[in-house]
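# For reference, the sequence and a predicted model appear below.
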Amino acid sequence: MSSEPPPPAQPPTHQASVGLLDTQQARNRSPSPLRGNVVPSPLPTRRTRTFSATVRASQGPVYKGVCKCFCRSKGHGFITPADGGPDIFLHISDVEGEYVPVEGDEVTYKMCSIPPKNEKLQAVEVVITHLAPGTKHETWSGHVVSS
C-alpha cells in the first residue's frame, strides 16, 4: 500500500480549449426570416419613438408616395416617394386607417429620422389615400375587400 497522494489534475492544454471554441462557433444556426434584409434594428415603432421626435415629425410637411411593399407578418414595408429618391421605411405601428397597405396603394405620410445615427428616414402618420385598383385589401380585423 503506497501512501502517495494521487497526482494533481492538470489543467487542459491550449489546444483542448481551442477545440471547444471551434465546436461552439461551428454550430448550425436556424434561418431567420429577417437575416439578410436591410431593416433598422431595433425596429423604431410609435411606442419607442421619443416625444420630441414625434413632435418634429408631426410639424413637418406631408409627402406623397406609393407603397412599394408591405408584409403584415413581418410588420414593415417600404414606400417609394412620388418625387423620387430612396425608399422610405414603414412600420406597422405608423399606419393610420382601417386597411393594411398593399403594393401600389397611394399614401400620404410625414417623415422622421431613424436613430441612432439619424441618417435614414422612416414614414410616420401614413394614410392610404387611394387603394390600388384590382387588388384585394385586408382590414386590420381580417375582412377582405376587393377594390
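That came through, no problem.
# distance of Lys136 from Arg56?
36 Å (C-beta to C-beta, to the nearest Å). To be clear about C-beta, it is placed using only N, CA and C from the backbone, and glycine gets the same treatment.
# name the element Ser58 belongs to?
Ser58 belongs to helix 51-59 when assigned by DSSP states H and E.
# which strands and helices sit next to that helix?
strand 106-114, strand 120-130 (3 or more C-beta pairs under 8 Å, 6 or more residues apart in numbering; DSSP states H and E).
# among those, which is nearest Ile79?
strand 120-130 (5.2 Å; C-beta to C-beta).
# State the next helix or strand along the chain beyond that closest one.
Reading on from strand 120-130 to the C-terminus, the next helix or strand found by DSSP H and E is strand 136-138.
# Please work out which residues outside the helix or strand just after that next one touch it.
Next helix or strand after strand 136-138 toward the C-terminus (DSSP H and E): strand 144-146. Here strand 144-146 makes contact (C-beta atoms under 8 Å, 6 or more residues apart in numbering) with 99, 135-139.
# For those residues, work out which two are farthest apart.
Farthest pair in those, by C-beta to C-beta: Thr135 and Thr139, 13.7 Å.
# Point out where the chain drops to low pLDDT.
Filtered on pLDDT under 70, the chain yields the residue ranges 1-49, 51, 147.
# rerun that using 80 as the cut-off
Applying pLDDT under 80 to the chain flags residues 1-59, 114-119, 146-147.
# ok, Phe70 touching Val102?
Yes - counting by C-beta atoms under 8 Å, Phe70 does reach Val102; the two are 6.4 Å apart.
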